[in-house]
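**Q** The following block contains a protein sequence and its predicted model.
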Amino acid sequence: MPSTFGTDPEMVVGIIAGGYRALVRSVEGAEDDVNAGIGEMDTQRVGPNDVVMGIAASGTTPFVRAALGRAQALGARTIFFPAREPPALLKETCDICLTILVGPEVITGSTRMKAGTATKLALNTVTTGAMVRLGKAYGNLMVDLKAWNDKLTDRSERIVMETTGSDRAAARAALEAAEGGVKTAIVMVKLGVGRGEAERLIDRSYGPPARLAGRSAGHERRVSEHATLAVGLMSGTSLDGIDAALVRFRGPTHCDLLHFVTRPYAAPEQSAILEGSTGPEPRTSPSFTPS
């Protein structure tokens with residue numbers, strides 16, 4: 001992910017029962033350790049801004065189920081990947097269940113075969129889609145790649161050539177001016193701006209360079225400066241209180257949670273709300289007459 005999409009290594013974190021050593025040598029019984037699953041969520045400081053994806057071909061692995069439960073308690077969104085119909089509790093509590101029904105394995109119980117392969121395909125789809133939504137692709141091109149070797153350096157130049165119509169020399173010069181940033185180089189060439197302005201426009205637009213490259217620099221500058229602050233209020237039917245969230249919208253595909261607070265209702269307020277919602281006379285709108 002970091003080399004392909006330029007992500008922070010902490011953005012997508014893999015966790016396996018038994019730890020990293022379990023990747024090369026079996027750690028028997030690790031998948032049954034519910035405390036370890038809970039502990040991993042605490043160690044990673046999972047919170048409301050995270051999505052936790054649990055992978056368990058059987059749908060019942062204790063480590064995974066415990067981790068998902070703890071993640072939910074910490075406010076994270078959860079996605080479950082079983083290879084057979086999951087238990088009803090998980091279907092009800094996880095935000096999404098992506099059930100991958102592959103049928104019986106060639107060797108009974110060996111879920112590293114069909115179930116493992118199918119799960120990898122599903123994970124590829126989810127992460128690729130997420131990277132596209134984050135603006136890390138231009139068409140089908142990986143414009144946030146990190147050119148850490150000769151192959152990726154060549155690919156960077158070819159991407160700039162393809163998207164801007166530049167020749168190899170011009171693409172190389174643009175990448176040098178952009179300090180290796182493919183997305184930045186594309187916007188610089190397309191809009192005729194310097195690196196600082198291109199980076200500012202990309203940051204403010206929070207989207208793929210195609211959104212910028214098809215417009216004039218002046219137009220995009222005007223659009224990108226309109227960040228929107230909004231306050232959302234919510235009170236459920238439990239009479240517990242009212243939730244308030246302050247968010248900042250940056251373009252049509254992203255918002256930042258700036259602050260969140262819950263104010264509990266006092267006893268007199270709860271009584272007043274309950275009385276108003278269960279009074280003897282139904283409340284009707286002036287424009288509506290019951291038949």
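**A** Great, that's in hand. Numbers count the residues shown, from 1 in each chain.
**Q** Could you use CA atoms for every contact and neighbour count after this?
**A** OK.
**Q** OK, contacts around the closest residue to residue 153 other than its chain neighbours?
**A** What sits nearest to residue 153 in space, not counting adjacent residues and going by Cα to Cα, 6 or more residues apart in numbering, is residue 147, at 4.8 Å. Counting by Cα atoms under 8 Å, 6 or more residues apart in numbering, residue 147 makes contact with 3, 153, 156, 180.
**Q** Return the item of these having minimum pLDDT.
**A** Of all the contacts of residue 147, residue 3 has the smallest pLDDT value, namely 82.
**Q** how many neighbours does that residue have?
**A** 16 (other Cα atoms under 10 Å).
**Q** Might you report the residue contacts of residue 35?
**A** 63, 66.
**Q** quick one: average pLDDT of the helix or strand harbouring it?
**A** Using DSSP states H and E, residue 35 maps to helix 34-43. Average pLDDT, helix 34-43: 96.
**Q** likewise stretch 245-253?
**A** Stretch 245-253 comes out at a mean pLDDT of 69.
**Q** Most neighbours among the contacts of residue 147, which one?
**A** Within the contacts of residue 147, most neighbours by other Cα under 10 Å means residue 156, with 26 neighbours.
**Q** Would you pull up how far stretch 26-46 lies from the middle of the chain?
**A** 22 Å (Cα atoms, centre = their mean, to the nearest Å).
**Q** Now that stretch: buried residues?
**A** Neighbour-count burial for stretch 26-46 flags 30, 31, 32, 33, 34, 36, 37, 38, 40, 41, 46 (criterion: 16 or more other Cα atoms under 10 Å).
**Q** picking that back up, packing partners of the helix or strand following the helix holding residue 35?
**A** Next in sequence after helix 34-43, counting helices and strands by DSSP H and E, comes strand 51-55. Under the contact criterion of 3 or more Cα pairs under 8 Å, 6 or more residues apart in numbering; DSSP states H and E, strand 51-55 touches helix 62-73, strand 77-81.
**Q** Helices along the stretch 151-291 of the chain, start to end?
**A** Ranges of helices in the stretch 151-291 of the chain, per DSSP state H, counting those that start in this stretch, are 168-177, 182-191, 195-205, 209-213, 217-224, 267-277.
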